[in-house]
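Peer 1: can't give you the sequence, but here's the structure:
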Ligand SMILES: [Zn+2]
């Protein structure tokens, strides 16, 4: 287990293991929030302080909620509205101590249009 908090400490997030890669997505919400996401099965991630200290944002096709701390505003994760049908959630790795996460590759996801992804150092 690796753990992190939002800036004020009201929300505590635990993930089961270091991510193999983290995703920098350019979709309309991710680019605004500046999140770097790692994906896990919903049941493997623990979030304390949610929902009592969180606000949420539900957009578009209403499949997921983006969750942020109500006090400090830091985005902690997104989670599916229906966790029976959708089993993954996305954790904002920005909240974790960089030394805990270590040197992880950043995958660039074109969530704005093609949904293709690549790494900066991919051969052209
Ligand atoms: Zn907070």
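Peer 2: Alright, I've got the coordinates. Everything quoted here is computed from the prediction, not taken from an experiment. Numbers count the residues shown, from 1 in each chain.
Peer 1: Could you list the contact residues of this structure toward the ion?
Peer 2: 6, 8, 10, 69, 71, 72 (Cβ under 5 Å from the ion). For the C-beta atoms, the positions are set from N, CA and C on the backbone; glycine is no exception.
Peer 1: pretty sure the first one contacts residue 94?
Peer 2: No: the pair residue 6 and residue 94 fails to qualify as a contact (Cβ atoms under 8 Å) at a distance of 10.0 Å.
Peer 1: between the two, what contacts are shared?
Peer 2: When Cβ atoms under 8 Å, 6 or more residues apart in numbering defines a contact, the residues bordering residue 6 and residue 94 alike are residue 74.
Peer 1: Settle it for me: which of these two has more neighbours?
Peer 2: residue 6 (24 against 17; other Cβ atoms under 10 Å).
Peer 1: neighbouring contacts of stretch 53-63?
Peer 2: So stretch 53-63 is contacted by 10-11, 29, 64-71, 76, 80-82, 86 (Cβ under 8 Å, 6+ apart).
Peer 1: and of the residues you listed, the nearest to the ion?
Peer 2: residue 69 (3.1 Å; Cβ to the ion).
Peer 1: Let me see the backbone angles for the closest one.
Peer 2: phi -70, psi 130 (degrees, to the nearest 10).
Peer 1: and the closest residue to it other than its chain neighbours, what is it in contact with?
Peer 2: What sits nearest to residue 69 in space, not counting adjacent residues and going by Cβ to Cβ, 6 or more residues apart in numbering, is residue 6, at 4.0 Å. For residue 6, the contacting residues are 68, 69, 71, 72, 74, 76, 95, by Cβ under 8 Å, 6+ apart.
Peer 1: Can you give me the neighbour number for the residue nearest to residue 7 when sequence neighbours are not counted?
Peer 2: Spatially, and ignoring its direct neighbours in sequence, residue 7 is nearest to residue 72 (4.2 Å; Cβ to Cβ, 6+ apart). Neighbours of residue 72 under the rule other Cβ under 10 Å: 14.
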